[in-house]
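J.: Structure, please.
(3 chains)
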Amino acid sequence: MSRKAALTAIYQTLQQVFGDSGWWPADTPLEVMLGAVLTQNTAWTNVEKAIVNLKTKNLLTFAALQTLDLAELAELIRPAGFFRVKALRLKALLAWLNESCAGNIELLSNCDTDELRQELLNIKGVGPETADAILLYALHRPVFVVDEYTRRIFSRHGMAPQEIDYHELQSLFTDALPEDVKMFREYHAYIVSVAKKWCKRHKPDCLNCPLRPFLDQDFYE
DNA sequence: CACCAGGCAAGTA
DNA sequence: TACTTGCATGGT
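T.: Predicted coordinates:
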């Protein structure tokens, strides 16, 4: 079986298992962006607490966030962990939004995806995964997001080397799949979901994983 | 108790 | 360039 066929079959399998993923869980593009930074190496449940702190104080708008100083912001997002660096990172993101679109995210729809990606990467605290998550889930661009889970699953299935570069791993998908925003959104969400349930680092439960059939080496050519 | 979570940047050699 | 370390809370 070709890699293209395999990646498509895996997607369909996960679609059967999870249906609508509900990703990204946020009310606005701004909330997606904040969440993308807050969730860096952090459990989503902790990010939710930080988001709730901001929401209940009506601070989840560009204008309101701009009024907060660094210490205030840090205190509000404390439950998300790494709160001091993340406060800096959020401020850097807000500063970029201010200069690129005056905080009006809708205006970014005119921008070229590759240029946007480069600008996002220039923000201190926004790396490749965060940039791509913002592009895909906040700005609706056809960018495939990969992460440690993606690497773990697809290397364990013999479809990628264990040590693979972010963009190499990303190309694996973008070279084989159509540029479909909806599909990209769901695919990444499914990968995270399946990894959380069956693909833990030290306690993987591969026997019950819905992707187990794809472990059969004979499945690929 | 150890280990993990929807990464990234800065420091070292 | 190739490793290493700091960042931190909260759940299992």
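J.: rest of the way, CA atoms for contacts and neighbours
T.: OK.
J.: Alongside DNA strand C, which residues does chain A contribute?
T.: A:41-43, A:45-46, A:78-86 (Cα under 7 Å from any atom of the strand).
J.: Just the buried ones from these?
T.: Neighbour counting by 16 or more other Cα atoms under 10 Å classes A:46, A:78-81, A:83, A:86 among the residues of chain A next to DNA strand C as buried.
J.: What mean pLDDT does stretch A:165-183 get?
T.: In this model, stretch A:165-183 has a mean pLDDT of 98.
J.: ah, wrong one, I meant stretch A:189-201
T.: Mean pLDDT, computed over stretch A:189-201, is 95.
J.: Need the nearest residue in space to A:Asn58, chain neighbours excluded.
T.: Leaving aside its sequence neighbours, A:Asn58 sits nearest to A:Ala64 (Cα to Cα, 6 or more residues apart in numbering; 7.7 Å).
J.: Chain A: helices as residue ranges?
T.: A:3-18, A:29-38, A:44-56, A:62-67, A:70-76, A:83-101, A:113-122, A:128-133, A:148-156, A:166-174, A:181-198 (DSSP state H).
J.: In a markdown table, list the residues of chain A next to DNA strand C along with distance to DNA strand B.
T.: Output for those, formatted as a markdown table (distance: Cα to the nearest atom of the strand, whole Å):
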| residue | distance to DNA strand B |
| --- | --- |
| A:Asn41 | 3 |
| A:Thr42 | 4 |
| A:Ala43 | 4 |
| A:Thr45 | 7 |
| A:Asn46 | 8 |
| A:Arg78 | 12 |
| A:Pro79 | 10 |
| A:Ala80 | 8 |
| A:Gly81 | 7 |
| A:Phe82 | 7 |
| A:Phe83 | 10 |
| A:Arg84 | 10 |
| A:Val85 | 8 |
| A:Lys86 | 8 |
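J.: so can I have a markdown table of the residues you listed showing pLDDT?
T.: Shown next, in a markdown table, are these (pLDDT from 0 to 100):
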| residue | pLDDT |
| --- | --- |
| A:Asn41 | 98 |
| A:Thr42 | 98 |
| A:Ala43 | 98 |
| A:Thr45 | 98 |
| A:Asn46 | 98 |
| A:Arg78 | 98 |
| A:Pro79 | 98 |
| A:Ala80 | 98 |
| A:Gly81 | 98 |
| A:Phe82 | 98 |
| A:Phe83 | 98 |
| A:Arg84 | 98 |
| A:Val85 | 98 |
| A:Lys86 | 98 |
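J.: Do stretch A:181-194 and DNA strand B come into contact?
T.: Yes - Stretch A:181-194 is in contact with DNA strand B by Cα under 7 Å from any atom of the strand, via A:Val192.
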